[in-house]
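Novice: What follows is a predicted protein model with its sequence.
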Amino acid sequence: MAQATQTKLNELTIIQLYEHYGALERSLPLLTPESQDLARAELETCASLRSEKVDRVHYAMESHEQALEHIKRESELLAQAKRHHESQLRGLKGLLSWLRRALPKDENKITGRNYQFVLVKKRDYTVEISSELDEWTEEQRQSYCMEQEVTTTKQTVVRSLSGEILEEKIEPKTKTEIIPNLDAIRNSYKTGQPLPHGVKVFQEYSIRTKRIFCEPGVDKGLVALEAPEHLGEVLRETGASD
């Protein structure tokens, strides 16, 4: 196609097409009638290519919006899966805690065929609160709440490029909030005092899993031998010497 300029229109970006169209349009009064016809044809081609690239912007936006929607849905599904597995894990740990209570008082191992769970009491009782503090009575708030005050300091220093301090400002900011007094809740639980609605106190255990190894030919359901923890124990058991 004959053009008024030597510009390769197909190689121009959308910005370059807009710039070329504007420059060519402004030059029309300066051209001869024959050149004006060529310029108008070039303008038409430029406008067509420009419109096509504008549509591509729309298609690209649609593609990215769909991708973001897909990511959002996947994130929601992952969050649901995370909550599900966290809930299942809490339930299984609760089951092990219940089984621990069924063992003799001085026993803390729950042994299966291939795995063994060792449960050790955590030092502090776990406090779980599902209610809002403003739902508690005033007496309960006085007994089981405390005020926490946190002060943060923001320091702003303005210096010249040579390092001279032009301005220095220190702004302290204090935030006060009412929070549960977990120690008071634990103490009341230990003495059998009534607790606010939505407050649950229970003993949690640190759970360690061990793999059980057995001697060849021995029924693992009858005898479970734990792997020695130290190389010295292995050497003693096998009768090895230095």
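Specialist: Cool, got the structure.
Novice: Would you map out the domains in this structure?
Specialist: Listed domain ranges for the chain are 1-102, 105-122+203-242, 131-198 (source: automatic domain parsing).
Novice: Output the ones you listed as JSON lines; include the columns mean neighbour count and mean pLDDT.
Specialist: Any C-beta I mention is one placed from the backbone N, CA and C, and that applies to glycine too. Formatted as JSON lines, the domains of the chain follow (neighbours: other Cβ atoms under 10 Å; pLDDT from 0 to 100):
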{"stretch": "domain 1-102", "mean neighbour count": "12", "mean pLDDT": "91"}
{"stretch": "domain 105-122+203-242", "mean neighbour count": "11", "mean pLDDT": "70"}
{"stretch": "domain 131-198", "mean neighbour count": "11", "mean pLDDT": "95"}
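Novice: Going along the chain, name the helices of the protein.
Specialist: 14-27, 33-101, 138-144, 182-190, 231-238 (DSSP state H).
Novice: Output those in CSV; the columns should cover distance to Gly163.
Specialist: Formatted as CSV, the helices of the chain follow (distance: least, Cβ to Cβ, whole Å):
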stretch, distance to Gly163
helix 14-27, 42
helix 33-101, 45
helix 138-144, 53
helix 182-190, 49
helix 231-238, 60
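Novice: how about Glu171, what does it touch?
Specialist: Shown in contact with Glu171 (Cβ atoms under 8 Å, 6 or more residues apart in numbering): Thr153, Lys154, Gln155, Thr156.
Novice: give me every residue that touches the residue nearest the centre of the chain.
Specialist: Within the chain, one residue has its C-alpha closest to the average C-alpha position: by Cα atoms, centre = their mean, that is Ala79, at 9.6 Å. Under the criterion of Cβ under 8 Å, 6+ apart, Ala79 has no neighbours.
Novice: measure it to His85 for me?
Specialist: As judged by Cβ to Cβ, to the nearest Å, Ala79 and His85 stand 11 Å apart.
Novice: Contacts for stretch 81-98, please.
Specialist: By Cβ under 8 Å, 6+ apart, stretch 81-98 touches Ile110, Phe117, Leu119, Gln203, Glu204, Tyr205, Ile207.
Novice: List the contacts of the fourth one.
Specialist: This points to Gln203. The neighbours of Gln203, taking Cβ under 8 Å, 6+ apart as the test, are Ser97, Lys121, Lys122, Tyr125, Thr126.
Novice: Mind putting these into a markdown table with distance to Thr7?
Specialist: Formatted as a markdown table, the contacts of Gln203 follow (distance: Cβ to Cβ, whole Å):
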| residue | distance to Thr7 |
| --- | --- |
| Ser97 | 78 |
| Lys121 | 81 |
| Lys122 | 76 |
| Tyr125 | 79 |
| Thr126 | 74 |
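Novice: For those residues, work out which two are farthest apart.
Specialist: Spatial extent of the contacts of Gln203 (Cβ to Cβ) is set by the pair Ser97 and Tyr125 at 12.3 Å.
Novice: Common neighbours of these two, please.
Specialist: Gln203, Glu204.
Novice: picking that back up, nearest to Glu168, out of the contacts of stretch 81-98: which one, please.
Specialist: The shortest approach to Glu168 among these belongs to Glu204, at 49.0 Å (Cβ to Cβ).
Novice: show me the contacts for that closest one.
Specialist: Contacts of Glu204 by Cβ under 8 Å, 6+ apart are Lys93, Ser97, Lys121, Lys122, Tyr125, Thr126.
Novice: change it to 7 Å
Specialist: Glu204 sits next to Lys122, Thr126 when contact means Cβ atoms under 7 Å, 6 or more residues apart in numbering.
Novice: Quick check: phi and psi at it.
Specialist: phi -110, psi 160 (degrees, to the nearest 10).
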